[in-house]
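Undergrad: Any chance you could fold what I've pasted below:
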Amino acid sequence: MAEERHHTEHVPQWKKDEIKNIKELIQSHKVFGMVGIEGILATKIQKIRRDLKDVAVLKVSRNTLTERALNQLGETIPEMSKYLDKQTALVFTNESPFKLYKLLEQTKTPSPIKAGAITPTDITVQKGPTSFPPGPILGEFQSAGIPASIEAGKVAIKETKVVCKAGEAVPQKLATMLAKLEIYPLIVGLDMRAAYDEGTIYEPELLAIDEGKYFSDIISAVQNAFNLSVNTAYPTSTTIGTLLAKAHAEAKNLGVNAVILEPGVMDALLAKAHVQMTSVASKAADKDTNAVDEDLRGVLGAAASAAAAATAPAEEEAKKEEEPEEEEEDHGEEDGMAGLGALFG
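TA: Residues are numbered from 1 along each chain as shown. Sure thing, here's the model as predicted:
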């Protein structure tokens, strides 16, 4: 106990202030995250800080001070200490962890790789021309393991080649030539390790959401729920309109088919009866013209004209579709005659 008190008494004031500042930032924001900043240049971190200034606060501090601040806070906050590793920064916001993760992903940009760095993916140089004129650079490409030659007055990469495999260290010469070719194998930015939101810790696997797929799944779920509600006649505020329209249509069909004399179906019944009447009259007139009177003949004539007008466009369209076939047949006959002409001179 005496040893612990002795240690606390000798903590410099600036460290105490730093710990206090971290605790105040955590307590004054809804969400805070632990992010990796390894390999990010100081100038880029400054730019990211400026870009996030309206939605988040980015703070770089010593891991030991951050851990002390976390341990002095209650609830499950000290559990965030396990995400402290190497170069770490804290980010504070009042947005949701999901939006924070999305914002941090947007800070990532392609970056050149340094000599001696381990590449996380295969580095491939694509075949094709470059903007470099002939000169010593041709030998530099070749000594870096990049096949090159002179084509059309310019240096060109002769073939697509993997010049460094994932997990390998990038040689000095290759790193230099990759930078000249503007090949940036690294994606550099704030790397979210975890976010803390009101007692819950979110890791990147939970925060990386495919928004397009989620939106599509929600739309599909809404459509399926709507169809299920209508098909099972389950009334809700969303489906009641469709259910009433469906019930009205089915009731009207029943009234027409069962010949129920109600005001709602009388127009349909009269129309159906008129059609049946003209059909019978037409057959009677075909057998004996005098079987129908003048007025009914007028009705039948109007019906025949309407039917002819309705079928004319369809016949015209069918005629157009047949014409090319006739032309093809004509060509076939012409080709046949030409062939016979060639045989017999």
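
Undergrad: Now for this structure, the helix or strand with the poorest mean pLDDT.
TA: When the helices and strands of the chain are scored by mean pLDDT, DSSP states H and E, helix 2-9 comes last with a mean of 52.

Undergrad: Any regions of the protein where pLDDT drops low?
TA: Along the chain, the model assigns pLDDT under 70 to residues 1-9, 314, 318, 320-345.

Undergrad: If we use 50, what do you get?
TA: Across the chain, residues meeting the criterion (pLDDT under 50) sit at 1-4, 327-330, 332-333, 336-345.

Undergrad: residue ranges of the strands in it, please?
TA: Taking DSSP state E, the strands of the chain run over residues 31-36, 56-60, 88-93, 109-111, 123-125, 128-129, 148-151, 154-157, 161-164, 186-188, 191-197, 200-202.

Undergrad: what's the most buried one of the ones you listed?
TA: Of all the strands of the chain, strand 31-36 carries the top mean neighbour count, a mean of 23, counting by mean count of other Cβ atoms under 10 Å. C-beta: built from backbone N, CA, C; applies to glycine.

Undergrad: For that strand, name the packing helices and strands.
TA: With contacts defined as 3 or more Cβ pairs under 8 Å, 6 or more residues apart in numbering; DSSP states H and E, the packing partners of strand 31-36 are strand 88-93, helix 97-105, strand 191-197.

Undergrad: So what are the sheet partners of the shortest one and their directions?
TA: When you say that, I think you mean strand 88-93. strand 31-36 (antiparallel), strand 56-60 (antiparallel) (DSSP bridges).

Undergrad: Return the alpha-carbon coordinates of that strand using PDB.
TA: Below are the C-alpha coordinates for strand 88-93, written out as PDB (Å, rounded to 0.1, in the frame of the first residue of the first chain):
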ATOM      1  CA  THR A  88      -3.300   3.500 -30.700                       C
ATOM      2  CA  ALA A  89      -5.600   6.500 -30.800                       C
ATOM      3  CA  LEU A  90      -9.000   7.200 -29.300                       C
ATOM      4  CA  VAL A  91     -11.900   8.700 -31.200                       C
ATOM      5  CA  PHE A  92     -14.900  10.200 -29.400                       C
ATOM      6  CA  THR A  93     -18.300  11.000 -31.000                       C
END
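
Undergrad: Which residue lies nearest the spatial centre of the chain?
TA: Nearest to the mean C-alpha position of the chain, counting by Cα atoms, centre = their mean, stands residue 212 at 4.1 Å.
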